[in-house]
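> what's the 3D shape of this:
(one chain, ligands or ions: 1)
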Amino acid sequence: MSSAALVTLRGVSVAYGGHVVLDAVDLTVERGRIVTVVGPNGAGKSTLLKVALGLILPDAGMVERPAACIGYVPQRLQVERILPLSVRRFLAMGVGQGGMNSVLEAGLERVGAGHVLGRQVADLSGGELQRVLLARALLRKPDLLVLDEPVGGVDMAGQAELYDLIAGVARDEGVGVLMVSHDLHVVMAATDEVVCLNRHVCCAGHPETVSRHPEYLALFGPRVAGSLAIYTHAHDHGHSADGSILPLDGGHRHGPECRHG
Ligand SMILES: Nc1ncnc2c1ncn2[C@@H]1O[C@H](COP(=O)(O)OP(=O)(O)OP(=O)(O)O)[C@@H](O)[C@H]1O
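Take a look at the predicted model:
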């Protein structure tokens, strides 16, 4: 495993009741890199993220997770709708010590949701909730962000803003990002590597290369795939010529509060 790796999966397989949903999957997320997993419904994308997070143990293969702190935005939040829980409290629970109002407010401002601090989580719109979840993940100051369709329910302008924010966090703070997305058009512009998953890894690599791969074309069709190239652009994430990136200092720390500094 490279010294910049935050999480590495090798030969990971998962089956539910004898039904294989992940088959010999390899994946690495390095510091400062954005890896986006695409694939049809039921392809195993969320399962893959949960394996990377350690929430599901694989039936075969291995997972190494040297990331010190992980921020996770799940696909769906299981909030008890009748449980009174303010956004302020919800964010404070996520960051533990140091959850001062001003810090929480700044965290919300960053994702364009400064106005919801005093609201109840249950009353948020879908797009507002996604922004709050992203703010909560970022407030932890993670070195690895795991995002399962992070902009679901967010309007188009907001989606582009949030993907820009995610790209900035990777570029400027060296955070590694593992993300699932259906927003293929938008996501291509904020991705270093695309992993096309359909139980197994069909193809993986630079967005433009993947968008021309026969297996990718077979899955998504030439119409979707053809339009992707328009949205791809080169990245300047400060990688060295051989693609290697800054090494990560070790340490393995989980739990609600992993804010550094
Ligand atoms: N706990 C579980 N028990 C049994 N089957 C499961 C379980 N979780 C997921 N599955 C099945 O595993 C397969 C992969 O599910 P997963 O949620 O990983 O797919 P996905 O690619 O994220 O799908 P989507 O794009 O629809 O969110 C699906 O067929 C799903 O029904």
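
> Okay, strands next: where are they in the chain?
5-16, 19-30, 34-38, 60-64, 70-73, 144-148, 176-180, 193-198, 200-205 (DSSP state E).

> Quick one: name the residues of the stretch 51-200 of the chain near the ligand.
Residues of the stretch 51-200 of the chain found near the ligand (C-beta under 6 Å from any ligand atom): none. For glycine as for every other residue, the C-beta is placed from the backbone atoms N, C-alpha and C.

> any low-confidence regions in the stretch 51-200 of the chain?
Residues of the stretch 51-200 of the chain meeting the criterion pLDDT under 70: 78-82, 97-99, 183-186.

> can you do 80?
By pLDDT under 80, the weakly predicted segments of the stretch 51-200 of the chain are 76-83, 94-99, 182-189.

> Could I get the full set of helices for it?
87-95, 101-110, 126-139, 156-173, 184-187 (DSSP state H, counting those that start in this stretch).

> May I see the buried residues of stretch 52-59?
Within stretch 52-59, the residues scored as buried using 16 or more other C-beta atoms under 10 Å are 52-53, 56, 58.

> Reformat the residues you listed as CSV; add distance to D123.
Listed next are these as CSV, based on distance: C-beta to C-beta, whole Å:
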residue, distance to D123
A52, 32
L53, 28
I56, 32
P58, 38
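
> just checking, S13 touches L57?
No. With contact defined as C-beta atoms under 8 Å, S13 does not count as touching L57 (11.2 Å).

> For the nearest residue to L133 once chain neighbours are set aside, name its beta-bridge partners.
Nearest residue to L133 in three dimensions, chain neighbours excluded: V73, at 4.6 Å (C-beta to C-beta, 6 or more residues apart in numbering). Note on V73: beta-bridge partners by DSSP bridges are L147.

> Next up, the contacts around V73.
130, 133-134, 136-137, 145-148, 150 (C-beta atoms under 8 Å, 6 or more residues apart in numbering).

> Tell me how far it lies from L6.
Distance from V73 to L6, counting by C-beta to C-beta, to the nearest Å: 16 Å.

> same check, this time on P84
36 Å.

> Repeat that for V195.
Where L6 is concerned, V195 sits at a distance of 15 Å (C-beta to C-beta).

> higher neighbour count, these two?
L6 (30 against 24; other C-beta atoms under 10 Å).

> closest to G126 out of the strands of the chain?
The closest of the strands of the chain to G126 is strand 70-73. By C-beta to C-beta, the value is 13.2 Å.

> From the chain's centroid, how far away is that closest one?
Relative to its chain's centre, strand 70-73 lies at 7 Å (C-alpha atoms, centre = their mean, to the nearest Å).

> beta partners for A204?
V195.

> I'd like to know how many residues surround it.
Using other C-beta under 10 Å, A204 has 18 other residues around it.

> Check P214 too.
P214 has 9 nearby residues by other C-beta under 10 Å.

> Kindly report the same for A189.
17.

> cool, and P40?
P40 has 14 neighbours, counted by other C-beta under 10 Å.

> Then D143?
Neighbours around D143, by other C-beta under 10 Å: 24.

> Understood, closing this out.
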